[in-house]
Structures are given as C-alpha cells and as structure tokens.
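Peer 1: Mind folding the following:
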Amino acid sequence: MTRKAPVGADPTTIDITEILQRIPHRYPMLLVDRCEEYKPHESIVGIKCVTVNEPFFQGHFPNYPVMPGVLLIEAMAQTGAILMSKSLEVDTAGKAIFFMSADNCRFRQPVRPGDVVRMAVKVVRHRGDIFKFAGQCLVGDKVAAECEFAAMVVET
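Peer 2: As a prediction, the model looks like this:
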C-alpha cells in the first residue's frame, strides 16, 4: 500500500508528489522541489532549495561551492516539462518530455548553498506537442541565469 500526500486546495501549486508523477527525474537529477503560480499553457514558477549536501558541490567547487550553470538550465527545463505535462495531461506511461534546445543562455550571478532558486518559466510558443519557453532563475530579486529553450512530447 502506498501513501500519498494530501492534495492541496490551491490549483496553482504542484507539490513534490505530483512532480514525481509528472516527470521521470529522480535524485540526484531532480532539480525542482515544488511549483507555484501554475497557469495552464502560460507559465509556472519552480522552486529549488539549494543545500550544501547537493552532490555537485563536492567538485564544483570544494572551497567555494557554486551550483553549475548547466544545472540551472536543467532546472528551468524540468520546470517547463512540469508545465507541459500538467497542461497537456501527458500520460507518462507511454510518453516522455524531451529537452530540444537552449538558446541565449546567460549566467548573471552564482547560486550558492542556502539559496532558494525560483525558476520563472513562460510559454513563448506552443504548437502541438512542442513548447518554446523563456525562463529565468531568480535568487531573491536578482537574476542568476536566463535562457530560451524548447521541449517536445515523444512516444517512449
């Protein structure tokens, strides 16, 4: 028998239980703890609470831990995949959402242990099973990273 977390009353919030049902990522590659401000086919905000226990901090960098920029891009992509999965009600049994491209990536400030990263992702274009997004990783009110990216639903 499996136990499920109680379902929240707020339809704009997606908890970790639902995230685990919507995307296949697992530790250590799951980079979204929860989502807020979900607007179907429009936008979402993913939340990542960064701790010193993250496995990448062992080598990036041992004396000055910084979250790798490529993982900030991946966190935005996972947030976009959650938006797609929920908006399209993707059946995860026979389909997956794959990252297609990343453009105009910029890294503005380091993300460090103790930071809470908000991945604000907006749909730029949506046609069929393909979404194009614009995203930002924010720590407080400062932009840590930003990029445009695309993803698509594929049969598995």
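Peer 1: who are the neighbours of the lengthiest helix in the chain, in terms of helices and strands?
Peer 2: Of all the segments assigned as helix in the chain under DSSP state H, the longest by residue count is helix 69-88. Contacts defined by 3 or more Cβ pairs under 8 Å, 6 or more residues apart in numbering; DSSP states H and E place helix 69-88 against helix 16-22, strand 34-39, strand 43-49, strand 95-107, strand 116-127, strand 130-139, strand 142-155. Any C-beta I mention is one placed from the backbone N, CA and C, and that applies to glycine too.
Peer 1: In the fourth one, which residues are buried?
Peer 2: Put plainly, it is strand 95-107. Within strand 95-107, the residues that count as buried by 16 or more other Cβ atoms under 10 Å are 97, 99, 102, 105, 107.
Peer 1: try the first one
Peer 2: Of the residues in helix 16-22, 18, 19, 22 count as buried by neighbour count, 16+ other Cβ under 10 Å.
Peer 1: hang on, isn't the last one packed against residue 87?
Peer 2: By that I understand residue 22. No. Counting by Cβ atoms under 8 Å, residue 22 does not reach residue 87; the two are 10.6 Å apart.
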